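J.: take a look and give me a structure for this.
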Amino acid sequence: MFADCYGMKSGAEFVNTLEDQIRKQGAMATLVSDRARVEISTKVMDILRGYCIDSWQSKPYQQNQNYFERLYQVIKSYVNNIMNRTGAPAYT
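T.: Predicted structure coming up:
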């Protein structure tokens, strides 16, 4: 399993971020999502088809099916802990 975090101001940036991730790290075996509209768009599906990447979506309102939800909680708590200890401003 691999998790990488990027700041995005809008959902439209997801396509470019996905392409950048594939360019920098290589194509992943599976894209796991919670059926967000941008993650199941035709443009994303075209990219996934082009690189032979499988797509898996959890059922709506079933966070327990998406193991990344728990991983995200852990990452978020670590980041908040580091920011609190270093005195980073709240807007960061």
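J.: poorly predicted segments of the chain, please.
T.: 63 (pLDDT under 70).
J.: please enumerate the strands of it.
T.: Using DSSP state E, the strands of the chain run over 30-33, 54-57.
J.: tell me the most buried of the ones you listed?
T.: strand 30-33 (a mean of 16; mean count of other C-beta atoms under 10 Å). In short, each C-beta sits where N, CA and C put it, glycine included.
J.: list the buried ones in stretch 77-90?
T.: By neighbour count on 16 or more other C-beta atoms under 10 Å, the buried set for stretch 77-90 is empty.
J.: CA atoms of it as PDB?
T.: Output of stretch 77-90 as PDB, limited to C-alpha atoms (Å, rounded to 0.1, in the frame of the first residue of the first chain):
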ATOM      1  CA  SER A  77      -3.500  13.000  13.000                       C
ATOM      2  CA  TYR A  78       0.300  12.700  12.300                       C
ATOM      3  CA  VAL A  79       0.300  15.900  10.200                       C
ATOM      4  CA  ASN A  80      -1.700  17.800  12.800                       C
ATOM      5  CA  ASN A  81       0.600  16.600  15.600                       C
ATOM      6  CA  ILE A  82       3.700  17.700  13.700                       C
ATOM      7  CA  MET A  83       2.200  21.100  12.800                       C
ATOM      8  CA  ASN A  84       1.200  21.700  16.500                       C
ATOM      9  CA  ARG A  85       4.700  20.800  17.800                       C
ATOM     10  CA  THR A  86       6.500  23.000  15.300                       C
ATOM     11  CA  GLY A  87       4.200  26.000  15.800                       C
ATOM     12  CA  ALA A  88       3.100  26.100  12.200                       C
ATOM     13  CA  PRO A  89       0.300  28.700  11.500                       C
ATOM     14  CA  ALA A  90      -3.300  27.400  11.400                       C
END
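J.: how far does it sit from its chain's centre?
T.: 21 Å (C-alpha atoms, centre = their mean, to the nearest Å).
J.: quick one on the thing from earlier: for the strands of the chain, give me TSV that also has distance to C5.
T.: Below are those laid out as TSV (distance: least, C-beta to C-beta, whole Å):
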stretch	distance to C5
strand 30-33	15
strand 54-57	20
